[in-house]
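In: sequence plus the predicted model coming up.
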Amino acid sequence: MALPLLLLNISFLLLLSLFFLSSNHLLPINGCQDYLSSRRCSSNNHKAATPCVPQGYIDYLFFFCSLSKILHPYLVYLLLSLWLLVLFYLLGNTASLYFCSSLEGLSKLLRLSPTIAGVTLLSLGNGASDVFSSIVSFSGSGAEEVGLSSVIGGSFFVSSVVVGVISISINASEAHTIFIEKPGFFRNIAFLLTTSLALVFILFIGEITVWGSLCFVSLYLIYVLLVSTAHCCKTKTSEDLIEPLIDLEQARHESSTHQKLHWFVSVLEMPLYLPRRLTIPDVSEERWSKPMAVASVFFSPLLIAALWNTEERLTIFMFGGLVGLLLGITVVETTESSSPPNKCLFLWLSAEFLMSVIWTYMTSRELVSLLVSVGYVLGISPSVLGVTVLAWGNSAGDLMANVAMAVSVNGGQDGAQVAIAGCYAGPVFNILVGLGLSFLLSSMAVYPSPFVLPQSSSLLETLGFLIGGLLWALVMLPSRGMKLDRVLGFGLLAIYLCFVCVRISECIGFL
């Protein structure tokens with residue numbers, strides 16, 4: 001894991017240099033005064049057409065301007081950075097702990113084949129943070145460029161950095177050579193190339209209609225059909241991974257030696273864990289608790305009422321409380337303390353899925369709002385933060401998980417196949433579904449007029465580097481016999497580092 005961490009550290013140091021080299025990174029005092037004045041004016045005018053602050057639950061610009069009067073600005077930057085890490089943790093932990101758990105249960109309940117589940121539910125689970133960050137950025141907050149940058153930047157990061165690190169790590173750790181299956185590789189990378197070119201065409205036009213959005217989203221249905229057809233037409237299928245990718249006994253032993261540290265971390269995590277535990281129903285075997293189940297079905301309607309009751313009407317809160325009370329009584333009478341319920345499992349899993357979606361949406365909305373505010377404070381374009389910080393944060397989990405799967409002792413050839421396939425199938429999902437749904441919802445809001453997309457050469461530049469990385473892999477991997485090696489890996493990493501250097505040079509005025 002040293003190489004992924006080293007690469008992330010280098011990238012963050014390059015981004016940090018942008019802050020110190022930029023001549024306008026500090027928000028001027030008169031800027032704070034102007035902002036506070038406009039905030040007071042806007043608070044007296046609830047019918048303002050354009051919001052003067054990012055649409056999050058916390059007003060970060062007001063927070064910064066207020067605290068800067070009593071604290072050094074760098075201390076305020078530190079507080080905002082720590083909160084940014086907390087939001088990234090909430091986003092990833094909610095997806096892995098609840099969102100993916102509900103998707104796995106629904107997949108088993110609906111008896112989906114592994115292939116279909118992999119390109120639908122599994123992709124949704126892995127790309128949940130990117131999808132919701134994109135949708136939130138397009139939801140009238142004026143941060144469309146942040147959403148576009150984060151999805152495109154995340155796709156570029158996964159298809160270049162993650163594939164590159166996997167290639168180098170396998171070459172350094174494996175005694176035998178790992179070869180990638182040619183048909184699946186060509187299918188995945190060709191579809192990602194097609195998707196990227198379609199997005200270039202949309203951005204070049206500068207607008208998209210409802211029908212155009214539907215066509216863009218429907219490309220993913222074609223991709224699912226191609227994957228399922230290829231799976232069904234195979235005359236000889238490979239066996240599933242029998243051995244676990246992680247040695248559970250070793251994990252238990254390691255965890256027992258760090259019980260005190262685990263207890264300390266659990267105490268620190270409690271303020272972040274408890275609100276989700278009390279509002280997200282969980283029917284997994286290892287986390288089942290009847291008191292928590294009762295509490296979750298009671299508080300979840302109240303949370304929904306609090307979020308969408310914009311006029312703060314008491315009747316809506318009372319209705320949410322009544323629904324929660326009825327659900328709580330039902331759970332008390334129909335469930336056992338010893339094991340999770342077997343009846344109405346689809347409803348339980350659907351409720352867990354819904355509430356995890358709501359928590360992911362809330363966190364994504366706050367994350368986008370914070371990045372827009374930080375960009376304003378530091379004088380950095382929000383699109384730069386989207387293509388770097390937000391993209392890295394949403395993709396860090398993919399980096400660690402895919403590399404661990406590829407170099408696992410038990411994973412072997414199959415583990416590397418799954419990891420590489422995910423590096424191309426995931427971005428296809430994030431672009432077609434994440435951006436596609438964002439385009440669709442935004443174009444429906446202005447129907448019959450087309451939705452005007454932000455005009456930014458940086459988006460086309462990022463897509464150009466993304467396509468360049470895909471072409472490098474498309475040329476180098478077949479020419480080297482579909483073998484993962486350092487030539488492929490270092491080439492992809494060099495392309496990404498060139499991209500980061502170019503973006504930073506543009507921001508500080510060198511280019």
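Out: That came through fine.
In: just checking, which helix or strand of the protein averages the lowest pLDDT?
Out: Within the chain, no helix or strand scores below helix 248-256, which has a mean of 42 by mean pLDDT, DSSP states H and E.
In: would you confirm that Tyr223 contacts Phe191?
Out: Yes - with contacts counted by CB atoms under 8 Å, Tyr223 reaches Phe191, the gap being 5.3 Å. Glycine gets a C-beta too; all of them are placed from N, C-alpha and C.
In: and for the two, which residues touch both?
Out: Counting by CB atoms under 8 Å, 6 or more residues apart in numbering, the residues touching both Tyr223 and Phe191 are Val428.
In: for Val433, what are its contacts?
Out: 123-124, 127, 131, 217, 220 are the contacts of Val433 under CB under 8 Å, 6+ apart.
In: repeat that with 7 Å
Out: 131, 217, 220 (CB atoms under 7 Å, 6 or more residues apart in numbering).
In: highest neighbour count among these?
Out: Val131 (27 neighbours; other CB atoms under 10 Å).
In: how close does it get to Ser218?
Out: With distances taken as CB to CB, to the nearest Å, Val131 is found 17 Å from Ser218.
In: circling back to that earlier point, secondary structure, distance to Gly379 and pLDDT for the contacts of Val433 - can I get that in CSV?
Out: Formatted as CSV, these follow (DSSP: H, G, I helix; E, B strand; the rest coil; distance: CB to CB, whole Å; pLDDT from 0 to 100):
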residue, secondary structure, distance to Gly379, pLDDT
Val131, helix, 29, 79
Val217, helix, 36, 91
Tyr220, helix, 38, 89
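In: among the residues you listed, which one sits closest to Val384?
Out: Minimum distance to Val384 across the contacts of Val433 is 21.4 Å, recorded for Val131 (CB to CB).
In: residues in contact with the closest one?
Out: 430, 433-434.
In: identify, from the residues you listed, the entry nearest to Ser137.
Out: Closest to Ser137, out of all of those and judged by CB to CB, is Gly434, at 10.2 Å.
In: contacts only, for that closest one.
Out: 127, 130-131, 134, 151.
In: may I ask which of those has the most neighbours?
Out: Going by other CB under 10 Å, Ser134 tops the contacts of Gly434 with 33 neighbours.
In: just the element for it, please.
Out: In this structure, Ser134 sits in helix 128-137 according to DSSP states H and E.
In: quick one: that helix to chain centroid distance?
Out: Distance, stretch centre to chain centre, for helix 128-137: 7 Å (CA atoms, centre = their mean, to the nearest Å).
In: list of residues touching the helix or strand just after it?
Out: Counting by DSSP H and E, the next helix or strand C-terminal to helix 128-137 is helix 144-156. The contact list for helix 144-156, computed with CB under 7 Å, 6+ apart, reads 130, 133-134, 137-138, 368, 371-372, 382-383, 386-388, 390-391, 394-395, 427, 430-431, 434-435, 438, 453-454, 456, 459, 462-463, 465-466, 469.
In: if we go to 6 Å?
Out: 130, 133-134, 137-138, 368, 382-383, 386-387, 390-391, 394-395, 427, 430-431, 434-435, 454, 456, 459, 462-463, 466 (CB atoms under 6 Å, 6 or more residues apart in numbering).
In: check the burial of Arg111 by counting its neighbours.
Out: Around Arg111 there are 7 residues (other CB under 10 Å).
In: hmm, back to that, specify the angle between the helix holding Ser134 and helix 144-156 in degrees.
Out: If you take axes from the mean of the first three to the mean of the last three CA atoms, to 10 degrees, helix 128-137 sits at 160 degrees to helix 144-156.
In: domains in the chain, by residue range?
Out: Per automatic domain parsing, the structural domains of the chain span 1-43+111-232+347-511, 284-340.
In: got phi/psi on Asp59?
Out: phi -90, psi 100 (degrees, to the nearest 10).
In: what separates it from Lys69, distance-wise?
Out: 15 Å.
In: comparing the two, which shows the higher neighbour count?
Out: Between Asp59 and Lys69, counting by other CB under 10 Å, Asp59 is the more crowded of the two (18 against 8).
In: let's verify Val283: helix, strand, or coil?
Out: Here Val283 is coil, with the state taken from DSSP: H, G, I helix; E, B strand; the rest coil.
In: longest helix of this protein, counting residues only.
Out: Secondary structure of the chain per DSSP state H: the longest helix is helix 345-378.
In: strands of the stretch 1-150 of the chain, start to end?
Out: Under the criterion DSSP state E, counting those that start in this stretch, the stretch 1-150 of the chain carries no strands.
In: which elements pack onto the helix or strand harbouring Phe191?
Out: Assigned by DSSP H and E, Phe191 belongs to helix 182-205. Secondary-structure packing of helix 182-205 (3 or more CB pairs under 6 Å, 6 or more residues apart in numbering; DSSP states H and E): helix 412-429, helix 457-479.
In: what's in contact with whatever helix or strand comes next after that helix?
Out: Remark: after helix 182-205, the chain's next helix or strand is strand 207-208, criterion DSSP H and E. With CB under 6 Å, 6+ apart as the test, strand 207-208 has contacts from 202, 439, 443, 450-452.
In: so how far is strand 207-208 off the chain centroid?
Out: Counting by CA atoms, centre = their mean, strand 207-208 comes out at 24 Å from the chain centroid.
In: one more: stretch 189-206?
Out: The chain centre lies 21 Å from the centre of stretch 189-206; the measure is CA atoms, centre = their mean.
In: list the buried residues of the helix holding Phe191.
Out: Residues 184-185, 187-189, 191-193, 195-196, 199-200, 202-203 are the ones in helix 182-205 that count as buried (16 or more other CB atoms under 10 Å).
In: can you give me the angle it makes with helix 412-429?
Out: Going by the same axes, to 10 degrees, helix 182-205 makes 20 degrees with helix 412-429.
In: need the residues that contact helix 182-205.
Out: 208, 223, 421, 424-425, 427-428, 431-432, 459, 463, 466-467, 470, 474, 482.
In: ok, of those, which come out buried?
Out: Buried subset of these (neighbour count, 16+ other CB under 10 Å): 208, 223, 421, 424-425, 427-428, 431-432, 459, 463, 466-467, 470, 474.
In: between these, which sits nearest Ser337?
Out: Ala425 (40.9 Å).
In: how close does the nearest residue to Ile166 once chain neighbours are set aside sit to Gly489?
Out: Spatial nearest neighbour of Ile166, chain neighbours left out: Ala406 (4.5 Å); criterion: CB to CB, 6 or more residues apart in numbering. Distance, Ala406 to Gly489, using CB to CB: 11 Å.
In: the two - which one has more neighbours?
Out: For Ala406 and Gly489, the more surrounded residue by other CB under 10 Å is Ala406, and the numbers stand at 29 against 24.
In: now Leu75: how far from Gly393?
Out: Leu75 is 22 Å from Gly393, by CB to CB.
In: between the two, which is the more surrounded one?
Out: Set Leu75 next to Gly393 and count neighbours by other CB under 10 Å: Gly393 wins out with 22 against 12.
In: excluding chain neighbours, give the residue nearest to that one in space.
Out: Sequence neighbours aside, Phe88 is the residue nearest to Gly393 in space, at 4.3 Å (criterion: CB to CB, 6+ apart).
In: please list all residues in contact with Pro281.
Out: Applying CB under 6 Å, 6+ apart, the residues contacting Pro281 are 296-297, 348, 351-352.
In: just Val387 next, same as before
Out: Residues in contact with Val387 (CB under 6 Å, 6+ apart) are 149, 153, 462.
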